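Participant: how would this look folded up:
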Amino acid sequence: MKEKIPLKSKLWLAAADGGVGVLCGLVTGGGMTYYFTKWMGLKPSLASLAWLIFGIWNAVNDPLFGFISDRTKSHLGRRIPYIRYGAPFYALSFILCWVAFPWAGNQGAMFAQFLASLFIFDALYTAIATSLYVMPYEMTVDNDERGSIFIIKIVFSIFSMAFPLVILPLIQPEPGESAVSFRIFMTVLGLIIGAITFLSTFFYSEKHFAKEEEQPPFLTALIDCFKNRAFLVFEVISFTVIYIQTALMQGVLYYFSEFKISMIPCYGALVAGAVIGMIIWTIMHDRWGVNNCIAIMCIVFSAGCFAMSFFGGSLFVAVPGFFAAGIGFAGGMYLVPMMMGDVTDYDETRTGLRREGMYAGVNSFITKPAISIAQAAFLTIITAFGYVQNLKAGSQSQSARQGLLIGWMLIPAILLLICFFCMFLYPLKGEKWDKEKKRLSEEHAKKESEYRK
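Facilitator: Predicted coordinates:
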């Protein structure tokens, strides 16, 4: 019998995931960097250093948490306790990111605050977001049911990605302006999303049989991940997606500030691309295969980024560039999670264990440094081209403007082109894999039934 997940469970899971993503996007997607460098006056070189140091912490905490969560034996399951009880602290850490303490103006103190805020916020984000990320794989093996969850998550994710892109340019304080209304907005937003995330855990559940399985030691579990060829290919794609999400959200704050281009047609094209992309990928992933869909996504997105790198100052290039980005973002939200689900399912066929947490942790170990690299690379490139942080909007030199476009779009374009070729190496496809997925689904239903007796 085909497994069905209630619609309310999918909606609450997607709402929590999208809300957590909103807060993360505002902090790591460029908002906090902009706030500290442009408004508080932190030197860009110190902000870049903070991001690089933070990248080390990012690399350590995720596999460790994934390993711990796989071994959690709470009556609520392996993931839900972290979501439910971490939500209030996550909201508080977000609110504290925007507080200007009395030492504002002292470079050393601001650097310490910036770095500490990143460390605390990310530790809580890791605990909650990783658990939310693997919940679809905990709930079902069926790709149709997972796909329906991802479709709903895409809708919320588009909001969570668009929110920082649209709201930040409108509310962020310029140098010399008051930040009181900005901080009030961030406080209210943090409290609302914290509440949604907490409440969501009462509307979905996970399979419980997996918590009884004996997990291997940390080092063994880690090595097993890297023996999975499909996972290695997946990591190239995943790293690129995280880098691009960070780079594009960071750069867009500077882009609309410096170029006299209307946000409305650009964001309209982004939304149109995301909607059309979602329709294409949900309809065609069975016919073309996940691997072929991702390859198409990468080449289209790459072409748009290459065009924006050199000619993005023109509206006629910006609109199709944002449209291509929308197609790419839809693929990143729908196809990449589908790929991750197959990778963890394949691991079960090799090891006999469900290890979503470990895979999610190792995935973050490899990909989350992309956040720091993207932030540091962008700031370094625009500084090299002569960008001056404290100038008023529209006052940069022609060289700085071109450097902004290159720092924003060129590296994503190159990474996407690499991903296109990597997809030819992805092994999980065809009728044989479809039969293996069906066998896993039947086996899970049997195990869960025996556990509940």
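
Participant: give me the number of residues near Lys260?
Facilitator: Lys260: 9 surrounding residues under other Cβ atoms under 10 Å. C-beta coordinates here come from the backbone N, C-alpha and C atoms, glycine included.

Participant: hmm, Thr130 is touching Phe365, no?
Facilitator: No. Thr130 is not in contact with Phe365 according to Cβ atoms under 8 Å; the separation is 11.1 Å.

Participant: got any residues that touch both of these two?
Facilitator: Residues touching both Thr130 and Phe365 by Cβ atoms under 8 Å, 6 or more residues apart in numbering: Asp62.

Participant: looking at these two, which is more packed in?
Facilitator: A direct count of neighbours by other Cβ under 10 Å for Thr130 and Phe365 places Thr130 higher, at 24 against 20.

Participant: quick check: the spatially closest residue to that one that is not a sequence neighbour vs Leu191, distance?
Facilitator: Leaving aside its sequence neighbours, Thr130 sits nearest to Ala360 (Cβ to Cβ, 6 or more residues apart in numbering; 4.8 Å). For Ala360, the distance to Leu191 equals 27 Å [Cβ to Cβ, to the nearest Å].

Participant: center of the protein - which residue?
Facilitator: The residue lying closest to the centre of the chain (Cα atoms, centre = their mean) is Ile242, at 5.6 Å.

Participant: report pLDDT for that one.
Facilitator: On the pLDDT scale, Ile242 is placed at 88.

Participant: the helix or strand harbouring it: which residues count as buried?
Facilitator: Under the criterion of DSSP states H and E, Ile242 resides in helix 229-258. For helix 229-258, the neighbour count (16 or more other Cβ atoms under 10 Å) marks 230-258 as buried.

Participant: ok, then the element right after it?
Facilitator: That would be, after helix 229-258 and using DSSP H and E, helix 263-288.

Participant: just give me how far that following helix sits from the chain centre.
Facilitator: Put simply, helix 263-288 sits 18 Å off its chain's centre (Cα atoms, centre = their mean, to the nearest Å).

Participant: quick one: the following helix or strand past it to chain centroid distance?
Facilitator: Counting by DSSP H and E, the next helix or strand C-terminal to helix 263-288 is helix 290-311. Remark: helix 290-311 is offset 18 Å from the chain centroid, using Cα atoms, centre = their mean.

Participant: then stretch 398-413?
Facilitator: With Cα atoms, centre = their mean, you get 22 Å for stretch 398-413.

Participant: now do the buried residues in that stretch.
Facilitator: Buried, per 16+ other Cβ under 10 Å, within stretch 398-413: 400-413.

Participant: turn those into TSV, including secondary structure.
Facilitator: Rendered in TSV, the data for the buried residues of stretch 398-413 read as follows (DSSP: H, G, I helix; E, B strand; the rest coil):
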residue	secondary structure
Ala400	helix
Arg401	helix
Gln402	helix
Gly403	helix
Leu404	helix
Leu405	helix
Ile406	helix
Gly407	helix
Trp408	helix
Met409	helix
Leu410	helix
Ile411	helix
Pro412	helix
Ala413	helix
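
Participant: scan the protein for its longest helix.
Facilitator: Secondary structure of the chain per DSSP state H: the longest helix is helix 315-351.
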